[in-house]
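Colleague: Using only what follows, build the 3D model:
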Amino acid sequence: MKKAKIYIPNKSAMQSGLGKSVKWILEFETKDPTKNPLMGWESSSDTLSELRLEFSTKDNAINYAKKKKIDFEIIEPKKRKVVKKSYSDNFLK
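Modeller: The predicted structure follows:
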């Protein structure tokens, strides 16, 4: 069977909050990407590469993959490092 990866997508550079980064994504990996000679885009004849499933929890995604006998890899999200800043810190150095 195909191999899939389970992850939480990163927020885009245009987002300031973390609103849409709570869903877990199950996405199949493409084995044979080819480059379109006319446009230069990457394409594939594999239709599973277009499939992207969303789950509310990591456990739901894992259970689905096990039920459908899909090999999967889990990519854990990195913890955000929050640096507290104050306006007065600009004048202390």
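Colleague: And the residue lying closest to residue 43 once chain neighbours are set aside, what's its pLDDT?
Modeller: For residue 43, ignoring the flanking residues on the chain, the nearest one in space by CB to CB, 6 or more residues apart in numbering is residue 36 at 5.2 Å. Every residue, glycine included, has its C-beta placed from N, CA and C. As summarised for this prediction, residue 36 has a pLDDT of 78.
Colleague: Any regions of the protein where pLDDT drops low?
Modeller: Under the criterion of pLDDT under 70, the regions of the chain flagged as low confidence span 1, 18-20, 93.
Colleague: can you pull out the strands in it?
Modeller: Per DSSP state E, the chain carries strands over the ranges 3-7, 24-28, 34-35, 42-43, 52-55, 71-74.
Colleague: Looks like residue 56 contacts residue 8 (just checking).
Modeller: No - using CB atoms under 8 Å, residue 56 and residue 8 do not qualify as a contacting pair, with a distance of 11.4 Å.
Colleague: which ones are touching residue 29?
Modeller: Contact partners of residue 29, counting by CB atoms under 8 Å, 6 or more residues apart in numbering, are 2-5, 49.
Colleague: at 10 Å what do you get?
Modeller: Residues counted as contacts of residue 29 (CB atoms under 10 Å, 6 or more residues apart in numbering) are 2-5, 46, 48-49, 71-73.
Colleague: ok so, going back, adding distance to residue 61 and mean neighbour count, write the strands of the chain out as CSV.
Modeller: What follows is these, written out as CSV (distance: least, CB to CB, whole Å; neighbours: other CB atoms under 10 Å):
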stretch, distance to residue 61, mean neighbour count
strand 3-7, 5, 17
strand 24-28, 5, 19
strand 34-35, 29, 10
strand 42-43, 25, 12
strand 52-55, 4, 14
strand 71-74, 8, 13
